[in-house]
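1. Give me the fold of what follows.
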Amino acid sequence: MPEAAPPPDAVNGVPSDAQQATGASPPPPAQASTSHAQATETSTPPSIVPDRRLRLIVVLGALTAIAPLSIDMYLPALPRLTADFGTGPAQAQLTLTACVIGLAAGQAVAGPLSDALGRRRPLLVGLALYVLASLLCVLAPTIETFVALRLVQGAAGAAGIVIARAIVRDLYDGTAAAKFFSMLMLVNGLAPILAPVLGGQLLRLTPWPGVFAVLAGIGVALLLASLAWLGETLPPDQRETGGVRSTLATFGTLLRDRVFVGYALALGLAFAAMFSYISGSPFVLQDLYHLSPQTFSVVFGVNALGIVAVGQLSGWLTGRVELRRLLAAGLAVVTVGGLLLLAAVLGDLGLPGVLPALFLVVAGQGLVLPNATALALSGRPPRVAGSASALMGVTQFALGGAIGPLTGLGGRGTALPMALAIAVSAVAAALAVAVTSRARVASED
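-> Residues are numbered from 1 along each chain as shown. Coordinates of the predicted model:
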């Protein structure tokens, strides 16, 4: 099929930056309604030149990988960091929580800003601040300073996550969006595979602050790639112009939409299960089950490989199976994994019982993340895509940040808090989708 010629830009009569960067025709003018009942699962994607589409997948996938890179790369160093700062596991895990809270709060700011100013400028500013915060983490003299800098690092990096999702919604909807989110997971999923492995190897060559110097370098690469390859995907005539009051009104509308809230909660609770694993596993697997940092990195990478494989399966099934069914299947896998993990810990089954259960918890996210995201954003006009993406991100990372530290309350001698946090979060996510399904049926009747 030949590429569709991009129409003139509404402002200056030339193709827009987005059309030049992606080869895509712009989306139609946004509709005022944000009703999920009008969402379609068969939206046709714009025509995009294949090589530019590949660049778009790589850059957006890398931007959404900021969270796993920032969180996972230094996981093998947590025990050493704890010793260096003379603190305990709960305080060390607070450095994870601070980053996650920053990721949540930053999305609440960057998402609405991108609706008002366009996607490009807030993204570039956020990436520049991420580089600066990462460099300052290298020099942190105390655990308190390090926690504060991790908060700033997460808030700055959040711009990449929330704006990448909004760009996808600018270009796609429904099933097309779910397919694209699944493709992003091929790139995004490499981050949790490679990050702890790279972190474990870096610890052979450098003290743990060296990990954050590498994160700063990754931030520079993302900034340069965004400058070179990402154009503006939200034309000025489709931007939100009402200021703070309009943003708050948009948030209110979304929060009154039970279907949107249900999918956002399911996404957040599933991520809370994932983050409980991320937060608790370095101590459980290394201290309790005596894995070395390098072996832990391999185990962590194998689990993350499950996300990539299942994410690609999700993309293949999209269009063949309803998105809601794919989401339900993913939550079922995560829930079964959480319950098996709890049984393995209570039954003292050791690594043969714990590792397969953790694999299910992690791999099931490959079905949950793209489909919950696509279902929550489907039918939302581009002018509110940033705000909707922000609310999803706030829910996702706030729940993860709140539940994750609970895994350290039992100290180094037990895996029960981690198992409980994962199992309860997974069951709650499945319940949220069940309630959402009933709300959706009621809204369509």
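
2. For the one helix or strand Pro196 maps to, C-alpha coordinates in CSV please.
-> Under the assignment given by DSSP states H and E, the secondary-structure element containing Pro196 is helix 190-205. Output of helix 190-205 as CSV, limited to C-alpha atoms (Å, rounded to 0.1, in the frame of the first residue of the first chain):
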residue,chain,number,x,y,z
LEU,A,190,14.8,-5.8,27.0
ALA,A,191,15.4,-3.2,29.8
PRO,A,192,14.5,-5.4,32.8
ILE,A,193,16.4,-8.2,31.1
LEU,A,194,19.6,-6.3,30.5
ALA,A,195,19.5,-3.8,33.3
PRO,A,196,20.2,-6.1,36.3
VAL,A,197,22.6,-8.1,34.2
LEU,A,198,24.5,-5.0,33.3
GLY,A,199,24.3,-3.7,36.9
GLY,A,200,25.7,-7.0,38.2
GLN,A,201,28.6,-6.8,35.8
LEU,A,202,29.2,-3.2,36.5
LEU,A,203,29.6,-4.1,40.2
ARG,A,204,32.6,-6.1,39.2
LEU,A,205,34.3,-3.0,37.8
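
3. and it, what other elements does it pack with?
-> The elements that helix 190-205 packs onto, with contact taken as 3 or more CB pairs under 8 Å, 6 or more residues apart in numbering; DSSP states H and E, are helix 66-72, helix 209-229, helix 293-317. (Each C-beta comes from the backbone N, C-alpha and C, glycine too.)

4. Buried residues, the last one. List them.
-> Yep, that's helix 293-317 we're talking about. By 16 or more other CB atoms under 10 Å, the buried positions in helix 293-317 come out as 293, 296-297, 299-301, 303-308, 310-315, 317.

5. Can you give the contact residues for the helix holding Pro196?
-> Counting by CB atoms under 8 Å, 6 or more residues apart in numbering, helix 190-205 makes contact with 62, 65, 68-69, 72-77, 80, 210-211, 214, 293-294, 296-298, 300-301, 303-305, 307-308, all of which sit outside it.

6. That one vs helix 209-229, what angle?
-> Angle between the axes of helix 190-205 and helix 209-229 is 140 degrees (criterion: axes from the mean of the first three to the mean of the last three CA atoms, to 10 degrees).

7. what about helix 190-205, average pLDDT?
-> Per-residue confidence for helix 190-205 averages out to 77 on the pLDDT scale.

8. need the strands for the stretch 1-150 of the chain, in chain order.
-> Read by DSSP state E, counting those that start in this stretch, the stretch 1-150 of the chain holds no strands at all.

9. just the helices in it please.
-> According to DSSP state H, counting those that start in this stretch, the stretch 1-150 of the chain carries its helices in the segments 17-22, 50-64, 66-72, 78-85, 89-117, 120-138, 143-171.

10. Rebuild those as CSV, extending it with distance to Ala388, mean neighbour count and mean pLDDT.
-> Supplementary listing: the helices of the stretch 1-150 of the chain in CSV, determined by distance: least, CB to CB, whole Å; neighbours: other CB atoms under 10 Å; pLDDT from 0 to 100:
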stretch, distance to Ala388, mean neighbour count, mean pLDDT
helix 17-22, 19, 22, 41
helix 50-64, 16, 19, 83
helix 66-72, 18, 26, 84
helix 78-85, 34, 18, 84
helix 89-117, 8, 24, 86
helix 120-138, 16, 21, 95
helix 143-171, 8, 26, 92
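
11. For the helix holding Pro196, buried residues please.
-> Within helix 190-205, the residues that qualify as buried by neighbour count (16+ other CB under 10 Å) are 190-200, 202-203.

12. Looking at these, which is nearest Gln153?
-> The nearest member of these to Gln153, counting by CB to CB, is Ala195 at 14.5 Å.

13. so where's the stretch 301-445 of the chain uncertain?
-> Within the stretch 301-445 of the chain, the segments meeting pLDDT under 70 span 410-412, 439-445.

14. can you state the direction angle for the strand or helix carrying Met274 and helix 89-117?
-> Met274 is part of helix 258-283, with elements assigned from DSSP H and E. Computed with the same axes, to 10 degrees, the direction of helix 258-283 lies at 140 degrees from that of helix 89-117.

15. Show me what counts as buried in helix 258-283.
-> Within helix 258-283, the residues that count as buried by 16+ other CB under 10 Å are 258-283.

16. Stretch 380-388: end-to-end distance?
-> Terminal residues of stretch 380-388 are spaced 8 Å apart (CA to CA, to the nearest Å).

17. what's next to it, contact-wise?
-> For stretch 380-388, the surrounding residues in contact (CB under 8 Å, 6+ apart) are 27, 30-34, 110-115, 119, 162-163, 165-166, 169-170, 234, 238-240, 247, 250-251, 254, 260, 376-377.

18. Swap in 7 Å and give it another go.
-> Here stretch 380-388 makes contact (CB atoms under 7 Å, 6 or more residues apart in numbering) with 27, 30-31, 34, 111-112, 114-115, 162-163, 166, 169-170, 234, 238-240, 247, 250-251, 254, 376-377.

19. Stretch 59-77 now?
-> 96, 99, 103, 153-154, 157, 160-161, 164, 167-168, 184, 186-188, 191-192, 195-196, 198-200, 203, 208, 211, 215, 218, 222, 225-226, 229-230, 278, 282, 293, 296-297, 300.

20. Kindly check the end-to-end length of it for me.
-> 28 Å.

21. and what of stretch 407-416?
-> Its start and end residues considered, stretch 407-416 measures 8 Å (CA to CA).

22. What is the distance between that stretch and the centre of its chain?
-> Centre-to-centre, stretch 407-416 and its host chain are 26 Å apart (CA atoms, centre = their mean, to the nearest Å).

23. Equivalent analysis for stretch 294-302, please.
-> Between the mean C-alpha point of stretch 294-302 and the mean C-alpha point of its chain there is a distance of 21 Å (CA atoms, centre = their mean).

24. Please apply the same query to stretch 211-229.
-> Between the mean C-alpha position of stretch 211-229 and that of its chain there is a distance of 18 Å (CA atoms, centre = their mean).

25. Pull the number of nearby residues for Gly347.
-> Here the count is done by other CB atoms under 10 Å, and Gly347 has 9 residues near it.

26. host element of the closest residue to it other than its chain neighbours?
-> Nearest non-adjacent residue to Gly347, counting by CB to CB, 6 or more residues apart in numbering: Gly353, 6.9 Å away. Element membership of Gly353, judged by DSSP H and E, is helix 351-363.
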